[in-house]
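Asker: Quick check, what structure comes out for this input:
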Amino acid sequence: MLRALAQLPPKQRAVIVLRYYEDLTEHETAKLLSCSIGTVKSQAHHALARLRVLAPELAPKFAEMEDLKGAHR
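Answerer: Got it, this is the predicted structure:
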């Protein structure tokens with residue numbers, strides 16, 4: 001997982017860490033990164049898609065993460 005995260009662009013990696021590891025909201029993440037909530041959403045979406053390619057064995061976990069965050073917005 002860490003190896004796959006390290007291959008993401010810095011902004012995508014930051015969004016994943018803040019949203020899914022630090023459990024911040026989209027609003028809190030956007031504020032910390034000085035970007036819009038839409039940017040946080042799109043960066044998370046693209047990062048999770050890339051992680052599914054980089055670590056296909058973890059794809060079910062990434063889908064679960066995305067589903068959980070979608071339900072708790």
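
Asker: Which pLDDT value goes with the residue located most distally from the centre of the chain?
Answerer: For the chain, the residue at maximal distance from the C-alpha centroid (CA atoms, centre = their mean) is Glu57, at 17.1 Å. Looking at Glu57, its pLDDT is 86.

Asker: and if you look at the one 3 residues further on?
Answerer: Listed pLDDT for Pro60 reads 75.

Asker: what about the most centrally placed residue in the chain, helix or strand, and which?
Answerer: Here the mean C-alpha position of the chain is nearest to the C-alpha of Ile16 (CA atoms, centre = their mean), at a distance of 2.9 Å. Here Ile16, judged by DSSP states H and E, is contained in helix 10-16.

Asker: Could you pull up the residues touching the nearest residue to Leu8 once chain neighbours are set aside?
Answerer: Of all residues beyond its chain neighbours, the one nearest Leu8 is Ala47 (5.5 Å), with distances taken as CB to CB, 6 or more residues apart in numbering. All C-beta atoms are positioned from the backbone trio N, CA, C, and that covers glycine. Neighbouring residues of Ala47 by CB atoms under 8 Å, 6 or more residues apart in numbering: 8, 12-13, 15-16.

Asker: and these as TSV, adding distance to Glu26 and pLDDT?
Answerer: Listed next are the contacts of Ala47 as TSV, based on distance: CB to CB, whole Å; pLDDT from 0 to 100:
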residue	distance to Glu26	pLDDT
Leu8	18	97
Gln12	14	98
Arg13	16	97
Val15	9	98
Ile16	13	96
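
Asker: Looking at these, which is nearest Ala63?
Answerer: Ile16 (14.0 Å; CB to CB).

Asker: related to what we said a few turns ago, which residues are contacting the helix holding Ile16?
Answerer: Outside helix 10-16, the residues touching it (CB under 8 Å, 6+ apart) are 5-6, 8, 29, 33, 35, 40, 43-44, 46-48, 50-51.
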